[in-house]
Every structure is written in C-alpha cells, then in structure tokens.
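Student: the following comprises the amino acid sequence and a computationally predicted model.
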Amino acid sequence: VALFSAHCAACLFFLLAEENHGGRTWIDDIAKYGDETSIWLRYTVAVYWSVTTMTTVGYGDLRAENTRERIFITGYMLFNLGLTAYLIGNMTDLVVESARRTMEYRKSIEVASTFVNRNCLPRRLEEQVLAYMSLRFQAERLNQQRLIEELPKSIRRKVCRHLFLPSVQQVYLFKGVSLGTLMSLVSGMRAEYMPSREEVILRNERPDEVYIIVSGEVEIVSTTSDQSWLDGDLSSGDMFGEVDALCGKPQRFTYRTKVLSQVLQLKTTTLLEAMRSNHDDSVVIVKNFLHILKNYGMVPFPDNELDEEETKITANSYSLLFLASLGNAFFLEELLKEGLDPNIGGSKGKTPLVYVISINNQHKIHYSMLVSVWYKDPV
C-alpha cells in the first residue's frame, strides 16, 4: 500500500510539472536535471520526493514552486497521516495476535505440565498429553470440523463430498455402494488430526467407531501381558477397527499413528443405519466384509467346531455359518433376505440357526427376528 501510494504521488508530481506551461516547477529548481534528461530520471526524482514527503524526513532539496504544487503537497501530507495510522495499526494487530496465540500456547502447555506433574503420570503418557496440546495449537487453523458443523445441511453435504468422498470411495468396504449411501455416510463422519505415536484404538476397548485414513500412516500393534509387536501398517485409503466393531467384539489390536495423520471417524451406529435404509447396498457391504475376512484367513468360529469338510461348502453357505457364529444379527438377516439357504449344515449337522441359538444362550443375543425369517410362522 505504501509503495503504491508513493508511486501515485510521484506520477502526480510529474504531471503537475508537465502541465504548468511557462511557470516555475520543482523540476526547474534542480539545475542538473534539465529539460534534456530522460523521463525515467525525472520519475526517479519524483519518487524520491514522494517517499521523503511520506516519511516526513524531507531534506529541503526539493520543494513546491507554485500554488498548485503547494495545494497538492498539503493534501498529500494529510493523506499520509491516515496511511501511517493504518499501517501502524495493522502491524500492531499482527504483533498482538502473534503474542496472544503464543501466550495461549504457553499457558496450555504450563497447565498440562502442572497436571502431569501433580498426578505423577508415566513418561509415555506425559509425552502424549504434551504432544496433543502442541498439535492442537499447530493445527488450530486446520481444524475444519467446527466450521463444517456450522454450515447449512445442503452446503455441508457438498463440502463433505468434496473433502471426504474420494477417500471413502477407496475403502474396500464401500466398493460398489451407491452414491446416495456414501453421501449419507460422509455426512456423518468427523475429521480429526492425530499426532504421531498417538493410540487411536486400544486393545480390548469397546468398538463404537471405525476409522478411515485420509493422510498419514497407522501401525497395527499386537500386545500381550509382557510384550508387544507390530503386525502391519496402514496408509491413506485404509479402514481400521471395522472388523471388531461390526462383529460387536472388543478390539483385538491397538492402532497407533506412525506420523501426523488425518482420520475420518464413523460411528458404527451410523453405518448400520445407512445399511438399514438401503437393502441392496447393505448386501454389498456384507459381502465386501466377508470377502476381506476370507482373504485374510480370519475364521473366528467358536471352539474350532468346523473341520475340513465344512470349509468346502459353498461361499454363500459359508457366509451364513460365519455370520451366525459371530452373532451379527443384522448382517445375517440381510443375507437371509437374499434367499440363501438357512438349513445348510456342516458335517456335525449344525445349521446357522443352531449357532445363533447357542450364542443367544451364552450372550443373550436377541434372535427372534432371525427365527421369523427362517420360518414363515414366528416361533
């Protein structure tokens, strides 16, 4: 702003001198800059005079030589008073804002340190607390969730679609799912930044949410009572926590960020509600879920009751037995509605209904809806 103002004033200085025909001007006052000098040299002198006037440090080597020049310089100096106040005010705001955020950061770190020391938290937990406070300060301007929640529903859906839909479409669980169902899922997601070495999911905790990685990396950690080891890494486009969440079982692994990562949080209830609203998409999700479990060799049948003969049954029947063994009533119901044979059994004669009844007796799982699907008359 200051440079532009100085340039404009220099041009007006030069214009006043050129249009004052026959009279004395500020150019005539300096002998070494005669009429033969180039226009660029005259412009340089005009800029010099403009800047010295703006900064109120004029040396007296240039001065107004006629009434028009005096009137213009008077107005220009009054303008400079306002411009100077504007520039100083802006610089003060920048310094104060920077100092305010720094003070808030120091205060939050001080409070966190006091809390850690007072409660004698372990070193590892202390590092996690301080790392989170530091991340919250650094990522404050990147935290878009608060702004997204304040937007109207129609605009929020469009923003979420632009930001999160590409990442959601990469997830194996949603391959082949309609755009409408994906949009309902995306609208219910929350984006969050996680610092490095942050434990997103702990082993044996209640599976209320599933996570999708937008950026960064996440480690899969297996733990025992006396040791822990890495089971693998996940990157952008991967989902984690869904197996145990959809099966209704405690998490079997600890998931820990490897670097600063952005993840999407999706509540399990939101996922199930979206599946209930669209039967075709729910079947696709169930089949995607079963397919990935088979590829990973994850066969959590209870008590190892399936022998080699049972593993040779068809994929559809296998899916029914598998879901029945998990006690996942919703997934099992969706496959039954697809017309799969509920009476298929293994070599020991156990059908999916037998598994459901067995699990119901052990864990009090409600299965009356499934029984009514098996038989036209409710039992």
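Tutor: Sure thing, it's come through.
Student: show the average pLDDT along the helix or strand containing Phe72.
Tutor: Using DSSP states H and E, Phe72 sits within helix 67-119. Helix 67-119 carries an average pLDDT of 84.
Student: which other helices and strands does that helix contact?
Tutor: Judged by 3 or more C-beta pairs under 8 Å, 6 or more residues apart in numbering; DSSP states H and E, the packing partners of helix 67-119 are helix 2-19, helix 39-54, helix 123-138. Glycine gets a C-beta too; all of them are placed from N, C-alpha and C.
Student: in a markdown table: the ones you listed, plus distance to Tyr86, mean neighbour count and mean pLDDT.
Tutor: Shown next, in a markdown table, are these (distance: least, C-beta to C-beta, whole Å; neighbours: other C-beta atoms under 10 Å; pLDDT from 0 to 100):
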| stretch | distance to Tyr86 | mean neighbour count | mean pLDDT |
| --- | --- | --- | --- |
| helix 2-19 | 10 | 16 | 83 |
| helix 39-54 | 13 | 17 | 82 |
| helix 123-138 | 30 | 14 | 78 |
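Student: looking at the ones you listed, which is closest to Thr268?
Tutor: In terms of C-beta to C-beta, the element of the helices and strands packed on helix 67-119 nearest to Thr268 is helix 123-138, at 24.5 Å.
Student: the one helix or strand Leu271 maps to: what's the following helix or strand?
Tutor: Per DSSP H and E: Leu271 is located in helix 268-277. Downstream of helix 268-277, the first helix or strand assigned by DSSP H and E is helix 279-295.
Student: how far away from the center of its chain is that next one?
Tutor: 27 Å (C-alpha atoms, centre = their mean, to the nearest Å).
Student: one step back: can you put the helices and strands packed on helix 67-119 in CSV and add distance to Gly232?
Tutor: Below are these laid out as CSV (distance: least, C-beta to C-beta, whole Å):
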stretch, distance to Gly232
helix 2-19, 57
helix 39-54, 64
helix 123-138, 22
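Student: what's the closest of those to Leu290?
Tutor: Closest approach to Leu290 among the helices and strands packed on helix 67-119 is made by helix 123-138 (36.2 Å; C-beta to C-beta).
Student: sorry, back to before: the helix holding Leu271 to helix 279-295, inter-axis angle?
Tutor: Between helix 268-277 and helix 279-295, the angle formed by their directions is 120 degrees, by axes from the mean of the first three to the mean of the last three C-alpha atoms, to 10 degrees.
Student: tell me how far helix 268-277 lies from the chain's centre.
Tutor: On C-alpha atoms, centre = their mean, the centre of helix 268-277 falls 22 Å from that of its chain.
Student: just checking, what packs against that helix?
Tutor: Checking 3+ C-beta pairs under 8 Å, 6+ apart, helix 268-277 ends up next to helix 179-187, strand 209-215, helix 242-247, helix 279-295, helix 329-337.
Student: go again using 7 Å as the cut-off
Tutor: When contacts are defined as 3 or more C-beta pairs under 7 Å, 6 or more residues apart in numbering; DSSP states H and E, helix 268-277 sits against helix 179-187, strand 209-215, helix 279-295.
Student: between those, which one is nearest to Met77?
Tutor: strand 209-215 (54.0 Å).
Student: pairing partners for the closest one, with directions?
Tutor: If you go by DSSP bridges, strand 209-215 pairs up with strand 239-240 (antiparallel), strand 261-267 (antiparallel).
Student: restricting to C-alpha, output the longest one in CSV.
Tutor: Only the C-alpha atoms of strand 261-267 are listed here, as CSV (Å, rounded to 0.1, in the frame of the first residue of the first chain):
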residue,chain,number,x,y,z
SER,A,261,-2.4,-38.3,10.4
GLN,A,262,-5.8,-37.1,9.4
VAL,A,263,-8.6,-39.7,10.0
LEU,A,264,-12.3,-39.9,9.5
GLN,A,265,-14.4,-41.1,12.4
LEU,A,266,-17.6,-43.0,11.6
LYS,A,267,-19.8,-44.3,14.3
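Student: can you offset everything so residue one is 30?
Tutor: Happy to do that; since the first residue is 30 now, the last one works out to strand 290-296.
Student: hmm, back to that, how about the strands paired with strand 238-244 in TSV, adding distance to Leu45 and mean pLDDT?
Tutor: Formatted as TSV, those follow (distance: least, C-beta to C-beta, whole Å; pLDDT from 0 to 100):
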stretch	distance to Leu45	mean pLDDT
strand 268-269	72	89
strand 290-296	59	89
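Student: nearest to Arg219, out of these?
Tutor: The nearest among these, by C-beta to C-beta, is strand 290-296 at 4.5 Å.
Student: what residues does the closest one touch?
Tutor: 193, 196, 214, 217-223, 229, 237-247 (C-beta atoms under 7 Å, 6 or more residues apart in numbering).
Student: now with 6 Å?
Tutor: With contact meaning C-beta atoms under 6 Å, 6 or more residues apart in numbering, strand 290-296 is reached by 193, 218-223, 238-245.
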